[in-house]
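# what's the 3D shape of this:
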Amino acid sequence: MRNLNEDTITQAVLARHADAPDPRLKEIMTSLVQHLHAFAREVKLTEAEWAAGIEFLTAVGHATSNKRQEFILLSDTLGLSTLVTAMNHRKPPACTEATVFGPFFVEGAPDYDLGDDIANGAKGDPCYVRGTVRGADGTPVGGAVMEIWQADADGYYDVQYPGQSEHRGRGRIRTAADGSFLFRSILAEAYPIPHDGPVGRMLEALGRHPWRPAHLHFMIRAEGYETLVTHVFRDGDQYLDSDAVFGVRSSLVAQWIRHDPGPTPDGGKSERPFYTLDFDFVLNPAP
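Sure, this is the predicted structure:
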């Protein structure tokens, strides 16, 4: 088709997709084109603004590496990650809510036994985390694989330190036969998402802060149950109501309790103050 104009271009593009062999791809691309074109018309997009948008997305791509996923940061800060998570993880009220995955999960985290210290030298106050994993009907889930990862007291994940190959504040454990778990780590602290790149510049231009409330990441997998990806947030954090990535759920907020030096939950003794977090996870049965 020749001589296309602003009134006919959208239908011309959609006509080119008419014979797409994958119906779901056709559905997605049809809607995407319609919404993109409608957006451009609604805001009366200028060529300079279009070029700036292309430049921004190019910069996001350049900032992405195997240790930093700038596109996930972009999706997170625009609320898209939370929207997709909410739509795809509707659960019964008794089950633990899911939330955003985040950009700092890595495959191959070290395995630990129950009671071990997964901090592995990460900076922060000692903290003991314990609880249970069970099904929605109360059945204990023994042998569930729990992946845990968190930032250190300076607000950095292990993969953000150049040249550091050893995992810290990250590990994988399995629940006991009765569904219980216990591990040692460090106190969760609030931290800013990486904001030295294009997403950070976008937040600054919008008058937004880059901070996330203190939290621990969990991914829990067990046979017969849906995989759960979630956080546990620290009660009282100043950013609970303004999380930069919109990930907070009230049901995921818990108290970290401070203790004076003395006996610890693993049967040992601490010469310094420490914290404890108790939290139970409830998994949704797989379809």
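# so what does Arg221 have for phi and psi?
Here is the backbone geometry of Arg221 (degrees, to the nearest 10): phi -130, psi 140.
# change the start of the numbering to 53 and stick with it
Sure thing, new numbering starts at 53, so read that last one as Arg273.
# was I right to think it contacts Gly195?
No: if you go by C-beta atoms under 8 Å, Arg273 and Gly195 don't touch, sitting 10.1 Å apart. (Glycine included, C-beta is placed from N, CA and C.)
# which of the two has more neighbours?
Neighbour totals were compared for Arg273 and Gly195, and Arg273 leads with 15 against 12 (other C-beta atoms under 10 Å).
# contacting residues for that one?
Applying C-beta atoms under 8 Å, 6 or more residues apart in numbering to Arg273 gives the contacts 196-197, 199, 279-280.
# as TSV, these with neighbour count and secondary structure would be great.
Formatted as TSV, the contacts of Arg273 follow (neighbours: other C-beta atoms under 10 Å; DSSP: H, G, I helix; E, B strand; the rest coil):
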residue	neighbour count	secondary structure
Ala196	23	coil
Val197	16	strand
Glu199	19	strand
Thr279	15	coil
Leu280	24	strand
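# report how many residues lie close to the nearest residue to Gly221 once chain neighbours are set aside.
Of all residues not flanking Gly221 in the chain, Ala174 sits nearest, at 4.0 Å (C-beta to C-beta, 6 or more residues apart in numbering). Using other C-beta under 10 Å, Ala174 is surrounded by 21 other residues.
# per-residue confidence at Ala174?
Ala174 carries a pLDDT score of 96 in this model.
# now do the SS call for Pro145.
The assignment at Pro145 comes out as coil when based on DSSP: H, G, I helix; E, B strand; the rest coil.
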